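A.B. asks: Have a look; sequence and predicted model below, questions after that.
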Amino acid sequence: SKPVTSIAIFDDVLTAGTHYRAMQTKLAARFSGVPIFGIFIARRAIPPFDAEQFVKQLKRLFGEIDDE
C-alpha cells in the first residue's frame, strides 16, 4: 500500500469544531509528520426580512412616528 502523504478532514462545524479537533489529534498521533487539513462547511440561517417592520423601525428612529 502507498504511504499516507496528507489527510483531509471534512467537518460540518454546526457546533464548536470539537469533532475536527478530536479527529486531528487522533490522526496526528497515528500518522506523525503527515499534514492534516480541515475542510469546513457551515450553514447560516437567515431570518426572513420584514420590510414593513424595518420601515416602521426607521421612522421611529428618526422621530417620524411615536412608539405604539
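C.D. replies: That came through fine.
A.B. asks: Does residue 5 touch residue 36 like I think?
C.D. replies: No: look at residue 5 against residue 36 with CB atoms under 8 Å: they stay out of range, at 11.4 Å. In this view, the C-beta of every residue, glycine as well, is placed from N, C-alpha and C.
A.B. asks: Looking at these two, which is more packed in?
C.D. replies: Shown here are residue 5 and residue 36; by other CB atoms under 10 Å, residue 36 has more neighbours (15 against 8).
A.B. asks: Chain neighbours aside, what residue packs nearest to that one?
C.D. replies: Leaving aside its sequence neighbours, residue 36 sits nearest to residue 7 (CB to CB, 6 or more residues apart in numbering; 4.7 Å).
A.B. asks: Could you measure from that neighbour over to residue 53?
C.D. replies: Using CB to CB, to the nearest Å, residue 7 is found at 48 Å from residue 53.
A.B. asks: same deal with residue 34?
C.D. replies: Counting by CB to CB, the gap from residue 34 to residue 53 is 53 Å.
A.B. asks: Same check on residue 8?
C.D. replies: Distance check for residue 8 against residue 53: by CB to CB, it reads 44 Å.
A.B. asks: Residue 43 too?
C.D. replies: Separation of residue 43 from residue 53 (CB to CB): 25 Å.
A.B. asks: Strands of the chain, start to end?
C.D. replies: Using DSSP state E, the strands of the chain run over 7-11, 36-40.
A.B. asks: Quickly compare those and say which is most buried.
C.D. replies: strand 7-11 (a mean of 14; mean count of other CB atoms under 10 Å).
A.B. asks: Compute the first-to-last residue distance for stretch 23-39.
C.D. replies: 13 Å (CA to CA, to the nearest Å).
A.B. asks: which parts of it are buried?
C.D. replies: 23-24 (16 or more other CB atoms under 10 Å).
A.B. asks: What mean pLDDT does that stretch get?
C.D. replies: The average pLDDT for stretch 23-39 rounds to 95.
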